[in-house]
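Peer 1: Here is the input, now give the coordinates:
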Amino acid sequence: MRPLRFVALGDSLTEGMGDPVGDAWRGWAALLAQGLAPADAPVEFTNLAVSGAQTRDVLERQTPAALALEPDIVSVVIGVNDTLRCTFDIHSVAERLDKVYAAFRAQDAVVMTACLPDPGSMLGLPGALARPLARRQRAVNTVVHALSERHGAMHLHAAEEEWLTDRAMWSADRLHPGEQGHRQLALRFHALLAEQDIARGTAPSAEPEFPVPTRSASLWWLATAGTGWVARRCTDLLPQLLTLAAAELRHRARGTSARLDLSASHAVSSALAALAALSVAEQPDAA
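Peer 2: Numbers count the residues shown, from 1 in each chain. Below you'll find the model as predicted:
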């Protein structure tokens, strides 16, 4: 029998950022891979996730590489970086994710997805800056929920859990889990798969192997690698985020903030309706 094949797609979260082991990142996907099969059964794990990846990268680069590996299980956890870009468009995000999920389901792979917390709240940004990002992330999560159900994916609700407020779960940058946070994600994905008798190995341990980084170590990371990481995103996002914040303040002053939420909800509904119509159009005529 060939080994169980697990391929992980996504961005820095799945790459393992925040959970260093030696000179590399480990992360929740690698931890999960260890518990997918009994100790005497081999598992082939391939992590194609890349820091900064967006849904376009997953569709155009990671998915073809993953399909060539013919995985039994594939994780697709993506979307936060889309919300942090001036090119954000929920219609495009929905269309890309629909194609990705469909491609793996066509190969009979088990697809794992997750909704995620919005970056504004995790960073503790002021309300006028945080609300536009929260609105975008809610839109992405709504799309992921709907498409996961449509394609029969194993979906993890990870956007509004108590563990999000536990500082020990998060790394210095406040956007990526630390080791404990990655272990929680691995444990929860393992539980979903075990319920369906897909994961048959021992669940990952919740106990960390390494001590939580000290405050001085966290500050050092932010002053070195973290500075560049933030700067790269601010160059692209900051001008538009300031524009979004200005619009937020204008609507708040006029008492019309609800219009922004309604507009976002309409965009999500429109994107999903367009995909549903396309799916019906592509079905063979039963007559």
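
Peer 1: The residue nearest to residue 212 when sequence neighbours are not counted: how many residues sit nearby?
Peer 2: Residue nearest to residue 212 in three dimensions, not counting chain neighbours: residue 168, with 5.9 Å by CB to CB, 6 or more residues apart in numbering. C-betas here are computed from N, CA, C, even on glycine. Look at residue 168: counted by other CB atoms under 10 Å, it has 11 neighbours.

Peer 1: One more: the one 5 residues further on?
Peer 2: By other CB under 10 Å, 19 other residues sit near residue 173.

Peer 1: show me where the protein has helices.
Peer 2: For the chain, the helices defined by DSSP state H occupy 12-15, 28-33, 55-57, 63-68, 80-83, 90-106, 119-123, 127-151, 179-195, 215-221, 227-254, 258-282.

Peer 1: now for the first one, which elements pack on it?
Peer 2: Identification of packing neighbours for helix 12-15 by 3 or more CB pairs under 8 Å, 6 or more residues apart in numbering; DSSP states H and E yields helix 28-33, strand 73-77.

Peer 1: How about the contacts made by the residue nearest to residue 212?
Peer 2: Contact analysis of residue 168 by CB atoms under 8 Å, 6 or more residues apart in numbering lists 178, 180, 212.

Peer 1: Tell me if I'm right that the first one and residue 20 touch.
Peer 2: What it means is residue 178. No. Using CB atoms under 8 Å, residue 178 is not in contact with residue 20, being 9.5 Å away.

Peer 1: returning to that earlier point: got the helices and strands packed on helix 12-15 as JSON lines, with mean neighbour count, mean pLDDT and distance to residue 173 columns?
Peer 2: Output for these, formatted as JSON lines (neighbours: other CB atoms under 10 Å; pLDDT from 0 to 100; distance: least, CB to CB, whole Å):
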{"stretch": "helix 28-33", "mean neighbour count": "26", "mean pLDDT": "98", "distance to residue 173": "16"}
{"stretch": "strand 73-77", "mean neighbour count": "27", "mean pLDDT": "98", "distance to residue 173": "17"}
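
Peer 1: how about those in a markdown table, adding distance to residue 160?
Peer 2: Below are the helices and strands packed on helix 12-15 laid out as a markdown table (distance: least, CB to CB, whole Å):
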| stretch | distance to residue 160 |
| --- | --- |
| helix 28-33 | 18 |
| strand 73-77 | 16 |
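
Peer 1: returning to that earlier point: so for residue 178 and residue 20, which sits in the more crowded spot?
Peer 2: A count of neighbours by other CB under 10 Å puts residue 178 above the other of residue 178 and residue 20, at 22 against 17.

Peer 1: tell me the contacts of that one?
Peer 2: Residue 178 touches 18-19, 168-171, 212-213, counting by CB under 8 Å, 6+ apart.

Peer 1: Least confident secondary structure element in the chain?
Peer 2: In the chain, no helix or strand scores lower on mean pLDDT, DSSP states H and E than helix 215-221, which sits at a mean of 66.

Peer 1: Among the contacts of residue 168, which has the minimum pLDDT value?
Peer 2: Here the lowest pLDDT out of the contacts of residue 168 sits on residue 212, with 73.

Peer 1: What is the neighbour count of it?
Peer 2: Using other CB under 10 Å, residue 212 has 16 neighbouring residues.

Peer 1: and if you look at residue 183?
Peer 2: Residues lying near residue 183 (other CB under 10 Å) number 23.

Peer 1: What pLDDT is listed against it?
Peer 2: What the model reports as pLDDT for residue 183 is 96.

Peer 1: check contacts around it.
Peer 2: Counting by CB under 8 Å, 6+ apart, residue 183 makes contact with 28, 31, 204-208.

Peer 1: For the stretch 151-287 of the chain, give me the ranges with low pLDDT.
Peer 2: For the stretch 151-287 of the chain, the stretches with pLDDT under 70 are 161, 213-215, 217-237, 281-287.

Peer 1: Mind doing that once more with 80?
Peer 2: 160-165, 167, 172-175, 211-242, 278-287 (pLDDT under 80).

Peer 1: Relative to the whole chain's centre, how far out is stretch 248-261?
Peer 2: How far stretch 248-261 lies from its chain's middle: 29 Å, per CA atoms, centre = their mean, to the nearest Å.

Peer 1: what do you get for stretch 182-198?
Peer 2: Relative to the centre of its chain, stretch 182-198 is centred 16 Å away, using CA atoms, centre = their mean.

Peer 1: Let me see the contact set for the nearest residue to residue 114 once chain neighbours are set aside.
Peer 2: Spatial nearest neighbour of residue 114, excluding adjacent residues (CB to CB, 6+ apart): residue 156 at 4.1 Å. Taking CB under 8 Å, 6+ apart as the contact definition, residue 156 lies against 112-115, 185, 188-189, 192.

Peer 1: Great, nothing more from me.
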